[in-house]
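**Q** Sequence below, structure please.
(one chain, ligands or ions: 1)
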Amino acid sequence: MQKEHPVFSPMIQGYWRMAEWGMSTQQQHAFVKQHIELGVTTVDHAPVYGPESACERMFGDVLTLDSSLRDQIQIVSKCGIYRGEGKYVNHYNSGKAAILESVDESLQRLKTDHLDVLLLHRPDLLMDADEAAEAFSQLKAAGKVKHFGVSNFTPAQFALLQSRVDESLITNQVEINPVNLQVTEDGTLEQLQQERVRPMAWSCLAGGRLFSEENDQFQRLRSTLHQVAEEIGANSLDQVVFAWVLRLPSNPVPILGSGNIERVKTAVGALDLQLTNEQWYRIWVASKGHDVA
Ligand SMILES: NC(=O)c1ccc[n+]([C@@H]2O[C@H](COP(=O)([O-])OP(=O)(O)OC[C@H]3O[C@@H](n4cnc5c(N)ncnc54)[C@H](OP(=O)(O)O)[C@@H]3O)[C@@H](O)[C@H]2O)c1
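**A** Below you'll find the model as predicted:
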């Protein structure tokens, strides 16, 4: 049984690919309402999603079309990545002024007065944790952000920031899927479990590559996922992958990347599935191409 999270829904709808979905504002509105009905009430955004922050802007148009939606959802957005688009080199900035400015811009685009969660999008080698903490306090006091977290942070980077921020960081949003096992091996998930902080899991389906790539690892994975799907009565491979992510003891909250409501429905069905240890490790072995020690 999945634990309830005080802030997030059991699964989160990701909006990174929203600009590629080719939907009108009315179609986007219908999609948001449908995933809310499925219990997916948290949405994940970032200023760098879509050309010139198109995804936050498009989502803001949906909230303008139907202002009643805002109270039914929790909005996660991020800050810290600067794409130069030929004018300057891509870089990170988690200085106080940059964080404050980025949040103001996100709020304007999203047409809302607050974010439920703000994440530092990537570890910034120049991050001064005291400055970032000051920015967080100021945003909290102004009512612009309710909770704070990070994304793609190592345990040491997480611990450093936490040592300066008054309230608990509420997540580390990281890549979790059976293809890339890094966070299961480098202490990231152990630290979060220790701190009782639930990770958010991005690209659970390896960005869709699980269905298309032809190398040995992906072929082994697909064949094992089919086998396990039959054993547990899952509808599809994606459902098994979400069940695999959910089985981790740090209790990840999967972020869904699909703009297809039927796939969102399938993913939500994984909340009722439970893999045995043997099934979970069979998928791990398929990924690695070798047995456990
Ligand atoms: N913090 C970070 O650094 C970071 C990085 C990456 C992503 N994220 C967040 O995580 C969210 C999810 O990431 P993601 O989009 O990479 O997730 P994903 O679920 O791994 O990939 C989604 C892609 O897979 C395709 N797909 C899903 N089911 C499929 C199926 N059965 N057959 C074929 N293709 C299928 C989807 O296409 P359809 O739309 O056609 O279904 C979509 O293009 C993002 O929206 C974003 O919010 C965060």
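
**Q** Out of the helices and strands in the chain, which is least certain?
**A** Between all helices and strands in the chain, the lowest mean by mean pLDDT, DSSP states H and E belongs to helix 209-212, at a mean of 95.

**Q** tell me what that one is packed against?
**A** Contact analysis of helix 209-212 by 3 or more C-beta pairs under 8 Å, 6 or more residues apart in numbering; DSSP states H and E lists helix 216-232, helix 237-246 as its packing neighbours. Quick note: C-beta positions are derived from backbone N, CA and C, even for glycine.

**Q** Single out the most deeply packed of these.
**A** helix 237-246 (a mean of 24; mean count of other C-beta atoms under 10 Å).

**Q** May I have that one exported as CSV, CA atoms only?
**A** The C-alpha trace of helix 237-246 is given here as CSV (Å, rounded to 0.1, in the frame of the first residue of the first chain):
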residue,chain,number,x,y,z
LEU,A,237,4.8,-3.0,-19.8
ASP,A,238,4.5,0.5,-18.4
GLN,A,239,2.3,-0.6,-15.6
VAL,A,240,5.0,-3.1,-14.5
VAL,A,241,7.7,-0.5,-14.7
PHE,A,242,5.7,1.9,-12.5
ALA,A,243,5.1,-1.0,-10.0
TRP,A,244,8.9,-1.6,-10.1
VAL,A,245,9.6,2.0,-9.2
LEU,A,246,6.9,2.0,-6.5
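
**Q** chain center to the next helix or strand after that helix, what's the gap?
**A** Per DSSP states H and E, helix 237-246 leads on to strand 253-256 as the next helix or strand towards the C-terminus. Its chain's C-alpha centre and that of strand 253-256 lie 6 Å apart, by C-alpha atoms, centre = their mean, to the nearest Å.

**Q** For strand 253-256, which helices and strands make contact with it?
**A** strand 12-14, strand 200-202, helix 237-246, helix 261-269.

**Q** Kindly reformat those as TSV containing distance to the ligand and mean pLDDT.
**A** Shown next, in TSV, are those (distance: least, C-beta to the nearest ligand atom, whole Å; pLDDT from 0 to 100):
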stretch	distance to the ligand	mean pLDDT
strand 12-14	2	98
strand 200-202	3	98
helix 237-246	5	98
helix 261-269	5	98
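
**Q** which parts of stretch 250-260 are buried?
**A** 250, 251, 252, 253, 254, 255, 256, 257, 258, 259 (16 or more other C-beta atoms under 10 Å).

**Q** Show me which residues of the stretch 151-293 of the chain are close to the ligand?
**A** Residues of the stretch 151-293 of the chain found near the ligand (C-beta under 6 Å from any ligand atom) are 151-152, 173, 202-208, 211, 238, 255, 257-260, 263.
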